[in-house]
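# Got a predicted structure here, sequence first:
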Amino acid sequence: MGKEDGGEEALLPLFETKEARFRGAYKVFASTVFVGICLIWVYRLTHIPRAGVQGRWAWIGMFMAELWFGLYWILTQSCRFKVVYNYPFKERLSYRYKDKLPSIDIFVCTADSKKEPPTMVINTILSVMSYNYPLENLSIYLSDDGGSELTFYALLEASSFSKHWIPFCKKFNIQPRSPSAYFAQQIDIQDITYAQELLAIKKLYKEMENRINSTVEMGEITKEIRDQHKGFSEWNSKVAKQDHQSIVEIMIDGRDKNIVDIYGGRLPTLVYMAREKRPQWPHNFKAGAMNALIRVSSEISNAPFILNLDCDMYANDANTIQEALCFFLDEKRGHEISFLQFPQNYDNITKNDLYACTLSVINNVELAGIDGYGAVPYCGTACFHRRESLCGKVYSKDYRKEWNIEDKNDTNKTVNELEAASKILASYSFEKETQWGGKMGLIYGCSSEDVITGLAIQCRGWKSHYYNPNRKAFLGVAPITLNDVLIQQKRWSEGLFQIFLSKYCPFIYGHGKIKLGAQMGYCIYLLWATISLPTLYYVIVPPLCLLHGISIFPQVKSLWFVPFAYVIVAKNACSIAEALSCGDTLKAWWNWQRMWLIRRTTAHFFAFINTIVRQLGLSKTTFVVTEKVVTEDVLKRYEQEIIEFGSSTITFTIIATLAMLNFFNLIGGIKKIVLDLGFKVLDQLILQLSLNLLLVMLNVPVYQALFIRNDNGRIPSSIMFKSIVLASLACLMPII
Ligand SMILES: O=c1ccn([C@@H]2O[C@H](COP(=O)(O)OP(=O)(O)O[C@H]3O[C@H](CO)[C@@H](O)[C@H](O)[C@H]3O)[C@@H](O)[C@H]2O)c(=O)[nH]1
Ligand SMILES: [Mn+2]
């Protein structure tokens, strides 16, 4: 691009949006499925068994379930009609802006030094400290909701190590820039200076890691370390996780030209923050932390753009900031963009994605589809924000004129003054009776603070975009036990359903503000919890009917069989095609089906119940932080793709009971066909039989965990007995 002459170059956009191919063909296909769904509804309505006939209510239930499945399917189509992909041109950006790039504030949140080990946190921090970006324009803030001295100490270590690490990254232009991720990959060594420096830096890193880990193990900071930094004095008085004053320490003041790396290069500003917490005051989880970060950073660096990361999400590409700026700084469309969401990718996914954590169809198809309507949801991490819109500004047509990227922060305050002022901003009383948590910053009271906030921003007139680059921009840690996956799923679906029931429901709140397609796109996720009900019905009732020899699907000979067969085959074929085109394996698709089944019948179901209970005012919002460390034993099973159960929880009881029920139904159903009714009824029961067989096949790992495995991750025998008894009782349930 550099070769183009100035005039022409200035007109070129900094990013380009292209529509995905074959949308026309897809729309035709989707219409045929839609016709199939309508025919199923018609069949159900016109064939209800007469009053008094066995199976009448089961039939009506089937209608309700299929009605909901069908309507939900329609929702999922909105985002498939307008899939778009964005392509930034970072060469044009650097040509146009040279070194005059805007400041960026990077927020990293951590909450628990046990579940989120300090070494992991500082790897994330180091990865963003070494972005290929003018470092004097970069400020990194760590919010520590654990208020942990250990995390503070790790950050202190990281600030010294960065003086070696940053120049090393730049000199050899290495990727990724999270030290542990870099050292973990196969490094091919071509030249001798590189080999020497690599060895030296690795040694330095290992030493630091050992120091941190041994301190963490000890659980306290030695006097020797304590004397290294004045900040430790904050912990002189008793600091408990939920009860302490606000702590703000500027570890590196990036304005100071004398604070440099080992080669004299500039360093980014680095700040530790633990906002004030008191047991009697609600602290609003991550939303509270983010809002405190917004305020503190406005005092210290006040950059116009903010990158928000979870502590486990390291930057995998050193040039991401430039790519993101292509969106915000585009002359034509940039000024209306509020945030740019990157996909959440993970670097600990097994080959066949055992727990279906990659969300690849969501990342590659659905979010790109909602982007087609300019309203991608904010997903909490891996997201660049415009500070003003995050703080509550309403978009107006004049915004373009009033906005400029010049630095607004010309403070001459000393570090001490900045810290003192910041502590006030991070105190609880500062927020009391203000708009924070409502019209300003992230919204409180919902465990999916991210999605609700993004929606509110869009309804203030802003657009958002989605960018999924080839080289993954951020990599995080996905949960690796079934229990953790389901806890996370429950938190998500609960928070999301809560949004649907609140005044923020996209169809009402978003009406006239975001496009209908986007409203529907949001609801795909907001209604996750509700889809648990028809799923549970489908998993329990048709198999039970099979056991009793009652047919609730059309006969093969009947014409009505066609829409059922078509919809089932078409939907699954399309979902396989989507998964494969997103790079999943066939086995991953299969695992995904199992996980959908498990999620819907447990996590989403609990979320449904809990949300209703909360709606009645009987419980409060919670946020269970996802576990990011596991034992060797568990890790080994995860790598072999063996599902981890292990504990006796009600969730696992449900999973085991449903699996046993399906197993009994299948055996009982086959027996009934062979011995009592004769093969001629196969014609009437074939769909039920297939459904039941499919459920049993999906549940194979559950049977293995119940009866075959003997490792610690198996399902405990107490659950085995319980599930057999419960499933047997369920088999006795009469069908009405
Ligand atoms: O009181 C809290 C609780 C959590 N966190 C941080 O929030 C982040 C997300 O928590 P995690 O337990 O990892 O949850 P996930 O389910 O992985 O998070 C996803 O879902 C959350 C909403 O449920 C979003 O906030 C996250 O950005 C998104 O990655 C982590 O960095 C935590 O340290 C806090 O700062 N304070
Ligand atoms: Mn996480």
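Everything's here; your move. Ligands and ions are numbered 1, 2, ... in the order given.
# end-to-end on stretch 223-233?
11 Å (Cα to Cα, to the nearest Å).
# in that stretch, what counts as buried?
Neighbour counts using 16 or more other Cβ atoms under 10 Å place 225-226, 229, 231-232 of stretch 223-233 among the buried residues. From N, CA and C alone the C-beta is placed, and that goes for glycine too.
# With distance to ligand 1 and pLDDT added, can I get those residues in JSON lines?
Listed next are the buried residues of stretch 223-233 as JSON lines, based on distance: Cβ to the nearest ligand atom, whole Å; pLDDT from 0 to 100:
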{"residue": "I225", "distance to ligand 1": "24", "pLDDT": "94"}
{"residue": "R226", "distance to ligand 1": "25", "pLDDT": "94"}
{"residue": "H229", "distance to ligand 1": "23", "pLDDT": "93"}
{"residue": "G231", "distance to ligand 1": "20", "pLDDT": "94"}
{"residue": "F232", "distance to ligand 1": "22", "pLDDT": "95"}
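# Between all of the residues you listed, which two are separated the most?
In those, two members sit farther apart than any others by Cβ to Cβ. They are I225 and G231, at 11.2 Å.
# if we can go back for a sec, from the buried residues of stretch 223-233, which land in helices?
When the buried residues of stretch 223-233 are checked against helices (DSSP state H), the matches are 225-226.
# Quick check: closest non-adjacent residue to the closest residue to ligand 2 within the stretch 401-550 of the chain.
Taking Cβ to the ion as the measure, the point where the stretch 401-550 of the chain comes nearest ligand 2 is G476, at 5.7 Å. For G476, the nearest residue in space outside its immediate sequence neighbours is M313; the separation is 4.0 Å by Cβ to Cβ, 6 or more residues apart in numbering.
# try L340
Beyond its immediate neighbours in the sequence, the residue positioned closest to L340 (Cβ to Cβ, 6+ apart) is F384, lying 4.5 Å away.
# Partner strands of the host helix or strand of the one you found and their direction?
Applying DSSP states H and E as the criterion places F384 in strand 383-386. When pairing is defined by DSSP bridges, strand 383-386 lines up against strand 305-310 (antiparallel), strand 337-341 (antiparallel).
# How far does it sit from its chain's centre?
For strand 383-386, the gap between its own C-alpha mean and the chain's C-alpha mean amounts to 16 Å (Cα atoms, centre = their mean, to the nearest Å).
# and what of stretch 52-68?
Between the centre of stretch 52-68 and the centre of its chain there are 36 Å (Cα atoms, centre = their mean).
# Just the CA trace of it, in PDB.
As requested, the backbone C-alpha atoms of stretch 52-68 are provided in PDB (Å, rounded to 0.1, in the frame of the first residue of the first chain):
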ATOM      1  CA  GLY A  52     -59.700 -40.900  26.600                       C
ATOM      2  CA  VAL A  53     -57.300 -42.500  24.200                       C
ATOM      3  CA  GLN A  54     -54.000 -43.400  25.800                       C
ATOM      4  CA  GLY A  55     -51.200 -41.100  24.700                       C
ATOM      5  CA  ARG A  56     -53.300 -38.000  24.200                       C
ATOM      6  CA  TRP A  57     -51.400 -35.900  26.600                       C
ATOM      7  CA  ALA A  58     -48.100 -37.300  25.500                       C
ATOM      8  CA  TRP A  59     -49.000 -36.200  22.000                       C
ATOM      9  CA  ILE A  60     -50.000 -32.700  23.100                       C
ATOM     10  CA  GLY A  61     -46.600 -32.500  24.800                       C
ATOM     11  CA  MET A  62     -44.900 -33.600  21.700                       C
ATOM     12  CA  PHE A  63     -46.600 -30.800  19.800                       C
ATOM     13  CA  MET A  64     -45.500 -28.200  22.400                       C
ATOM     14  CA  ALA A  65     -41.900 -29.500  22.200                       C
ATOM     15  CA  GLU A  66     -41.800 -29.500  18.500                       C
ATOM     16  CA  LEU A  67     -43.400 -26.100  18.400                       C
ATOM     17  CA  TRP A  68     -40.600 -24.700  20.600                       C
END
